[in-house]
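> next come a sequence and a model predicted from it.
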Amino acid sequence: MSAISPAPRNASDVFSDSTNAVSGIEFLCPVDQEPFPLFPGFSGINRAHHGILIHMKILPTILLVCCTLIAQGMDLTIAPVPGAEINLYVEKTGLLSGKSHRFTFDRFSGRVSGVEFVQFQIESASIVCRDEWVNEKDRAKILKVALEDMLAAKKYPTIAFRSTKISDAGGGKWTVAGMLTIRDVTKPVEIRLDRRASNVFAGEAQIRLTDYGLKPPSAVLGAIGTKNEMRLTFTLPLTPAGDPAR
């Protein structure tokens, strides 16, 4: 499967192909107005006497055009916009079983191409400790260990993911298989993804610390242990590539 969707064709070309087999298509608008610009690059709408008439036969064609443009590789952007969040949970064991270190990342970027390809990068140095069950002094220590020992952010500044396969699980859910790189170690990982709103997606993946040679931040709290599995979760509103709102 191609990793990146092909570049979308001009909308007028798609429309022309789609209407070849459709007869009796006409658009009517007030005589003193310009043709309706339904699609960029397409102005083939006839003017007539009064009122607006769109034959019912054209409606499936319009829907086909819209779906074709989306399927042919619309690029969406992953960015730290309002509502975006990436979390990393490290579960505790022993006396603190049931608790977890919660880290978030403030700087990240990426893109989604059509329904075929997802990639993103996270700046390791943007990690923040959000633990509310420790005091401020211990929280600072935990963050220091996460930055310098667990992620070694200065030496390995980027966490990266590239999808290799996206499978539709139905009901607005997908399984995204890909390669995750942490500390220059790349391993396969599977992300469970679901749509929360029209442009908002949430996901989760399990990551083993030992797979990437990560040192857990357990030393800060003495002999209290840390599970080998981390949980990566995210909520990401997606915006069209080049959207100035970003």
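Yep, that arrived. Everything quoted here is computed from the prediction, not taken from an experiment. Residues are numbered from 1 along each chain as shown.

> check which residues of the host helix or strand of Gln206 are buried.
Using DSSP states H and E, Gln206 sits in strand 200-208. Within strand 200-208, the residues scored as buried using 16 or more other C-beta atoms under 10 Å are 201, 203, 205, 207. Backbone N, C-alpha and C define where each C-beta goes, glycine included.

> cool, stretch 129-140 as well?
Residues 129, 131, 134, 139 are the ones in stretch 129-140 that count as buried (16+ other C-beta under 10 Å).

> where does Asp138 fall, helix, sheet strand or coil?
Counting by DSSP: H, G, I helix; E, B strand; the rest coil, the backbone at Asp138 sits in helix.

> output the below-cut-off pLDDT ranges for the chain.
Low-confidence segments of the chain (pLDDT under 70): 1-73, 95, 115, 216-224, 243-246.

> mind listing the strands for it?
27-28, 53-54, 75-78, 85-92, 100-105, 108-113, 117-123, 127-129, 158-170, 173-182, 185-197, 200-208, 226-237, 239-240 (DSSP state E).

> now Arg196, nearest residue through space, not along the chain?
Excluding its sequence neighbours, the residue lying closest to Arg196 (C-beta to C-beta, 6 or more residues apart in numbering) is Ala202, at 5.1 Å.

> tell me the two of the buried residues of stretch 129-140 that are most distant?
Spatially, the most separated pair among the buried residues of stretch 129-140 is Cys129 and Val134, at 8.6 Å (C-beta to C-beta).

> quick check: neighbours shared by these two?
Here Cys129 and Val134 have Ile142 as joint contacts, going by C-beta atoms under 8 Å, 6 or more residues apart in numbering.
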